[in-house]
Structure formats: structure tokens, C-alpha cells
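Undergrad: structure for this input, please:
(chains A and B)
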Amino acid sequence: GAVVSQHPSRVICKSGTSVKIECRSLDFQATTMFWYRQFPKKSLMLMATSNEGSKATYEQGVEKDKFLINHASLTLSTLTVTSAHPEDSSFYICSARGYPTPGNEQFFGPGTRLTVL
Amino acid sequence: GENVEQHPSTLSVQEGDSAVIKCTYSDSASNYFPWYKQELGKRPQLIIDIRSNVGEKKDQRIAVTLNKTAKHFSLHITETQPEDSAVYFCAASPGGAGTASKLTFGTGTRLQVTL
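TA: Down below sits the predicted model:
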């Protein structure tokens, strides 16, 4: 149980376009979802936390108008990278926790590799 | 906010030896400390976690110790095997609900187990 999927797994886009990444909890209700960004050989950096039905809370330095997060249901959160630039190229990973998953554990999606040309 | 430091950044051990990775944290409100294993291009996988009301936890070849007074916790892998080779991340969290459950990750340790 506690499976999180992400789509797409890989995306290449041109500068200036927008890209949407979906994160789904397949067998539990995700009351909270997290979006991370990971550069090659680096750690996971939290971008934002979203609770179902409310606005996301962004970490310091993360532009909320550039990285739009929507958590409209208990099984789906989306991250939209608007007006993408090459420096937005990265590995984006979501995680989720909720019920009936136990305790504090977060379950991670497989990640989305974004390349902006 | 929370700051988690992790050492060493790389660790090479021979198969069968033990590996120890150490982390320190800054926020005394943190009370949940998971460890993740990440293989190249894959998602992080939880391998063990510990809560602040426990000093040590063991699961087969993996153990974690926590010293809340000193604000540090460690991962111990015994009888290492080549399949243990990966990047390991420690993390800390206040362990509450919503934003209070967010994880702050350490910088990662690349473990290589050689034959």
C-alpha cells in the first residue's frame, strides 16, 4: 500500500512554455502533499507544502507565481512550472502523507525530470 | 528554521564491514527522524525512522540511534552488501500535521560497498 505516482516521468520543453506535473496517491487519501526539487548529486529541497483544499505554503525563496501548486482533491496535486527557463531544469519529486498511512511517514513519487531547452 | 547537517558526504567500505552515517539537527522541536535510501534516478525509499521518545531502533542489519540532548542521530549498517550502495539521506521533522510535518533533509551520503 501507500503508492504515489507522478506523471510525466520525463518532459522536455522550450523556454517560455508551461509544464504541469501531476502527483497522485493511488491507495490512500493524501491530506498533505509536498513538492521537492533535486539537482544532480544534491539533496532534496522542499519547495512547498499543500493541504487538500487550501493554498500551498511555499518555502522561502520559491516563487509562488512561477511554481503553481494545486491540491484540489485528496488524491491529486499538481505543480505547474510557468514560463519555464533552462535554470528550471531539475528533478521534481512529490511526496504525500495522510490516512490511513501510519504516523509521520511520507511516501515519495518516482519523480519527474524536467529539461528546458 | 531547521538545519540538518550530514557526514560524511562519501563513504566507501568493503563488503561485510559496517557503515555509519551521522546527522545533526538544530531545531529542538524536531521529533521525527527518518532515513531514506535513493538509488540513481529513483525515488527516496524509507529504510528506517525513529521518534524522539526512543533512543535506538533496529531492523535487521540497519539501526538508528538518537541523542536528543546533543541533537544528533546516526544510521548504522552492519554486514554491508553491494546492494547497499546508494545515496542515503537523513531528515528531521516536527512531526505534526500539515506544514508541521515537512521534512528537512541532510545533504546526503554516497555509500559505496566494494567487493
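Undergrad: interface residues of chain A facing chain B?
TA: Chain A has residues A:31-32, A:34, A:41-46, A:49, A:51, A:57, A:60, A:93, A:95, A:97, A:103-106, A:108-111, A:113 near chain B, with proximity defined as Cβ under 8 Å from any Cβ of the partner chain. No exception for glycine: its C-beta is placed from N, CA and C like everyone else's.
Undergrad: 6 Å - rerun?
TA: A:32, A:43, A:44, A:46, A:49, A:51, A:57, A:104, A:108, A:110, A:111 (Cβ under 6 Å from any Cβ of the partner chain).
Undergrad: ok, so of the residues you listed, who is nearest residue B:8?
TA: residue A:43 (14.3 Å; Cβ to Cβ).
Undergrad: do you know the pLDDT at residue B:54?
TA: In this model, residue B:54 is scored at 82, pLDDT.
Undergrad: now do it against residue B:12, distance only.
TA: Counting by Cβ to Cβ, to the nearest Å, the gap from residue B:54 to residue B:12 is 30 Å.
Undergrad: hmm, back to that, most neighbours, which of the residues of chain A next to chain B?
TA: residue A:44 (25 neighbours; other Cβ atoms under 10 Å in any protein chain shown).
Undergrad: beta partners for it?
TA: On the basis of DSSP bridges, residue A:44 is bridged to residue A:38.
Undergrad: contact partners for it?
TA: Neighbouring residues of residue A:44 by Cβ atoms under 6 Å, 6 or more residues apart in numbering or on different chains: A:36, A:38, B:105.
Undergrad: show me what the last one is bridged to.
TA: It refers to residue B:105. Following DSSP bridges, residue B:105 is listed with bridge partners residue B:91.
Undergrad: so it sits against residue B:91, correct?
TA: Yes - counting by Cβ atoms under 6 Å, residue B:91 is a contact partner of residue B:105 at 4.8 Å.
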